[in-house]
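# Need a 3D model of the following:
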Amino acid sequence: MAKSTPVKKAWRSLTWLGVIVVVLLGTLTAGVLFSNATWLPKLALDLEGGTQIILAPQVENGQSVQQQQLDQAVSIIRQRIDASGVSEAQISTEGSRNIVVSLPGKPDQQTLDRVKASARLDFRPVLQTSGPTNEVVGADGKSTPAPSPAPGLQSTPSTKPTNGSDLAWVTPELQAQFGAYSCADNKNKDLSAAPTNKPLITCDDGNTVKYLLGPVEVKGQNISDASAGLMQSSQGVATGQWAVNIVFDSTGTKQFADVTTRLIGLKDAQNQFAIVLDGRVISAPTTQAAITDGKPQISGNFTEQSAKTLADQLKFGALPFSFKVQSQDDISATLGTSQLISGLIAGLIGLILVAIYTFFQYRLLGLVTIFSLVVAGTLTWLTISLLSWHYDYRLSLAGVAGLIVAIGFTADSFIVYFERIRDELRDGRSLESAVEAGWGRARRTIYASKATNLLAAVVLYVLAAANVRGFAFTLGLTTIIDVIVVLLFTHPTLQLLAKTRFFSTGHSMSGLDPDALGAVYRGAARFRTPTPAAVGAGKAARSSGEAARRQTIAERKAAELASASASTSSSSDRSSEGKDN
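As a prediction, this is how the structure comes out:
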């Protein structure tokens, strides 16, 4: 088996880089041609504008809105939007009641539904069920609408109900209201703010069954987790029907266990436990066993998307109250394209300054830095464009700032590597050997530096405000891409350049001329100092000074002892000459 040479390793790394670029470019091209992807990343609210929704809370009579509840609602809505993949959204309170949600671009209907839906989830015992209409059959066999409740009917229970399933809740007035209720009118009613300590008349989400429900016995706030998945049969085979799996906290687990234990002993409709979302029954399963582990499953007419949407809404908590959309308007960009252009110009100036510095410091070796930055920029562009298409990532001005800062961080990796190679050349190695040895030393420094940058980006993304997360995200992304470029492009390129005559012979314009770099180290405090004729008296003096500065303590002491010994020998020789004379 042939031994892998540095040249073979270099070509292998460049091939992998090419594969990555082709895959990313091919995926983006397919998205542009066959989907809604674009060649350029989507812009955030501050650069493009978007949609603003004002939500007004709907509360029960006499109930006030607390600032703590508003803050909780803002946090829940933000998590819902983040779960849908929309980035750079802004959610804030307006005054002491309303919540303002600003979404970049033109959000799809599913995202708007996530924002608007209050997702108030309650669990109520079923008292009675009937058909969806309010028709009653008379003695003549004809169906007529049930009359409205007569005035003066008893509206309070004759005996105090002992639990949510107690039929004492069904007063004559409530029974008359249930009979006169029609599911056809249910579409236009907002039941999400219905009192939790009183019975509720409602229908299922398909308006096919009418329910008379008892008071709320388990609240959605007691849900600690929720996920969507396919239902399975008793044999563990997927049925193809989507459901939402719920996990209660300790309080909800106990409450749910108490209720399901009670319902087992009841019959007919009272054996059902209705799951009510925003005042409408989405499922009313019969109770076949007490669920004591706090992990029930909601089944119904769910699609994959509706199950996942509901799971996301419940996972991040039910809102403290329901909301009504007060207004929905298009808004313009808060900063606009002029700020974006200014940011891009700043990035271009930074790139030009980096190029000037690298050419001044490293001569033609600076071309490696320029091409590495081009490769890093290409990977960043492809990655952000794909994220914009697939995950609706939005590039804000803060994100642009992260990309500009990344230019300096990326160039820093190359400088560390180049300087390590120069150190090895000063130590007397050939260029091929210096590239491999310098890479071994520089790699550890680069990894440590990038790990620090990535950790800072992660901490900033988690702890910072939403409008700063764009900066943290692009900083972290470019840090990862920087490592990929150094591994798969910069180092392989130098391995190949080390085989060329121009760089291997140390041409004066290569940036890797051993004589121009200083005295060539030979080991044990011995140096070969370039002659003035070869490199000039001034450069030779600078080279000797450079060599002296790079001595270790042991080498410096050895040099001092050698110098003292030589001085003593010289003095002895002069003394001997004096005596002879």
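
# Could you list the low-pLDDT ranges of the stretch 301-450 of the chain?
313, 316-318, 320-321, 334-337 (pLDDT under 70).

# hmm, try it at 90
Along the stretch 301-450 of the chain, the parts satisfying pLDDT under 90 run over 301-355, 357-363, 365-366, 388-415, 419, 422-431, 433, 441.

# what about the strands in it?
322-331, 394-395 (DSSP state E, counting those that start in this stretch).

# Just name the most buried of those strands.
Stretch with highest mean neighbour count among the strands of the stretch 301-450 of the chain: strand 394-395 (a mean of 26; mean count of other CB atoms under 10 Å). No exception for glycine: its C-beta is placed from N, CA and C like everyone else's.

# Can you tell me the SS state at L191?
coil (DSSP: H, G, I helix; E, B strand; the rest coil).

# In contact with it: list those residues for me.
L191 makes contact with L200, T202, D278, G279, R280 under the criterion CB atoms under 8 Å, 6 or more residues apart in numbering.

# can you pick the most crowded of these?
The residue in these with the most neighbours, by other CB atoms under 10 Å, is T202 (24 neighbours).

# ok, back up a step: and which of the contacts of L191 is nearest to L382?
Within the contacts of L191, the smallest distance to L382 is 42.0 Å, found for D278 (CB to CB).

# C-terminal to the longest helix belonging to the chain, what's the next element?
Longest helix of the chain, by residue count under DSSP state H: helix 431-463. Sequence-wise, the next helix or strand downstream of helix 431-463 (DSSP states H and E) is helix 466-485.

# Now do that following helix, average pLDDT.
Averaging pLDDT along helix 466-485 yields 88.

# Same question for stretch 155-164.
If you average the pLDDT over stretch 155-164, you get 90.

# how about it: buried residues?
G164 (16 or more other CB atoms under 10 Å).

# Columns distance to Q305 on top of the strands of the stretch 301-450 of the chain, output as a markdown table?
What follows is the strands of the stretch 301-450 of the chain, written out as a markdown table (distance: least, CB to CB, whole Å):
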| stretch | distance to Q305 |
| --- | --- |
| strand 322-331 | 21 |
| strand 394-395 | 22 |
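
# Is T260 located within a helix, as I assumed?
Yes - T260 forms part of a helix when assessed by three-state DSSP.

# In the protein, which residue is most central in space?
With distances taken as CA atoms, centre = their mean, F473 lies nearest the centre of the chain, 7.6 Å away.

# Please report how far it lies from C183.
47 Å (CB to CB, to the nearest Å).

# repeat for I352
70 Å.

# More neighbours: those two, which one.
Using other CB under 10 Å as the criterion, I352 and C183 rank with C183 on top: 20 against 10.

# That one against C203, yeah?
Yes - using CB atoms under 8 Å, C183 makes contact with C203 at a distance of 3.9 Å.

# Which neighbours do the two have in common?
Common neighbours of C183 and C203, counting by CB under 8 Å, 6+ apart, are P132, V209, K210.

# quick one: which of those is most hemmed in?
Highest count within the shared contacts of C183 and C203 by other CB under 10 Å belongs to K210, 23 neighbours.

# quick one: contacts for that residue?
T129, S130, G131, P132, F178, Y181, S182, C183, I201, T202, C203.

# Buried ones among these?
Judged by 16+ other CB under 10 Å, buried ones among those: T129, P132, F178, Y181, S182, C183, I201, T202, C203.

# can you name the two of the residues you listed that are farthest apart?
The widest separation within the buried ones among the contacts of K210 (CB to CB) is 14.5 Å, between T129 and S182.

# What is the burial count for the residue lying closest to the residue nearest to the centre of the chain once chain neighbours are set aside?
Counting by CB to CB, 6 or more residues apart in numbering, F473 lies nearest to Y461, which is 6.0 Å off, once chain neighbours are set aside. By other CB under 10 Å, the residues close to Y461 number 16.

# Give me the buried positions along the strand or helix carrying P125.
Per DSSP H and E, P125 falls inside strand 121-130. For strand 121-130, the neighbour count (16+ other CB under 10 Å) marks L121, D122, F123, R124, P125, V126, L127, Q128, T129 as buried.

# Adjacent strands (with direction) for it?
According to DSSP bridges, strand 121-130 forms sheet pairs with strand 210-213 (antiparallel), strand 218-219 (antiparallel), strand 273-277 (antiparallel).

# distance between it and the chain's centre?
Computed by CA atoms, centre = their mean, to the nearest Å, the chain-centroid distance of strand 121-130 equals 39 Å.

# which residues does G50 contact?
G50 sits next to S102, L103, P104, G105, K106, P107, D330, I331 when contact means CB under 8 Å, 6+ apart.

# ok, for it, nearest residue in space, not its chain neighbours?
In space, G50 is closest to P104, 4.2 Å off (CB to CB, 6+ apart).

# do the same with I275
In this structure, I275 finds its nearest non-sequential neighbour in S283, 4.7 Å apart by CB to CB, 6+ apart.

# which residues does Q326 contact?
Taking CB under 8 Å, 6+ apart, we find Q326 in contact with I54, L55, A56, N98.

# Put together CSV for the residues you listed, with distance to G438 and pLDDT on each row.
Output for the contacts of Q326, formatted as CSV (distance: CB to CB, whole Å; pLDDT from 0 to 100):
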residue, distance to G438, pLDDT
I54, 60, 87
L55, 59, 85
A56, 65, 83
N98, 61, 84
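
# List the ones among the residues you listed that fall in strands.
Counted as lying in strands by DSSP state E, out of the contacts of Q326, are I54, L55, A56, N98.

# Contacts only, for the third one.
Going back to what we said before, that points to A56. A56 sits next to R97, N98, F323, K324, V325, Q326 when contact means CB under 8 Å, 6+ apart.

# Would you mind listing the two of the residues you listed that lie farthest apart?
Taking CB to CB as the measure, those span a maximum distance of 14.0 Å, between R97 and V325.
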